[in-house]
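Undergrad: coordinates only, no sequence provided:
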C-alpha cells in the first residue's frame, strides 16, 4: 500500500485514504540493519457505513426505514418536555427539510 522512511528513533507516519466498508488488514514490515525482516501483528480495520452529513444517521435506500430513529427520539423528547420540546421541534424541521431533497 505504501512505503515510508523511518527516523533514527524508529518513528514513522503515513496517511492513507480507505474506501468502502470491506475489512482491511494492515501490517508494518521493516528490515533492520542486519537484514532481518520484522513484521507487526496484523491490525484489521472495518469502516463504518457512510452516514448522512446533516443527521448522522446511516444512509438507507429503503424509504420505509428512513426516519424511524428520528420518530423514536422525537417521542422521547416530546415526553420529556421543557427545552427538549424545542429541540424536538428543531429535529422535526431538519427531518422535513431532509425529506424534500431529491434522492
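TA: Sure, I can see it. In this text the structure is predicted, and so the values were computed from the model without any measurement.

Undergrad: CA only for contacts and neighbour counts going forward, please
TA: Will do.

Undergrad: just the helices in the chain please.
TA: Listed in chain order, the helices of the chain (DSSP state H) span 68-80, 83-100.

Undergrad: elements contacting the last one?
TA: Meaning helix 83-100. Packed against helix 83-100 by the contact rule (3 or more C-alpha pairs under 8 Å, 6 or more residues apart in numbering; DSSP states H and E) you find helix 68-80.

Undergrad: which of the helices of the chain has the lowest mean pLDDT?
TA: Mean pLDDT is lowest for helix 68-80 out of those, coming in at a mean of 64.

Undergrad: count the neighbours of residue 13 for me.
TA: Residue 13 has 8 neighbouring residues, counting by other C-alpha atoms under 10 Å.

Undergrad: residue 41 now?
TA: Residue 41 is surrounded by 9 other residues when neighbours are defined as other C-alpha under 10 Å.
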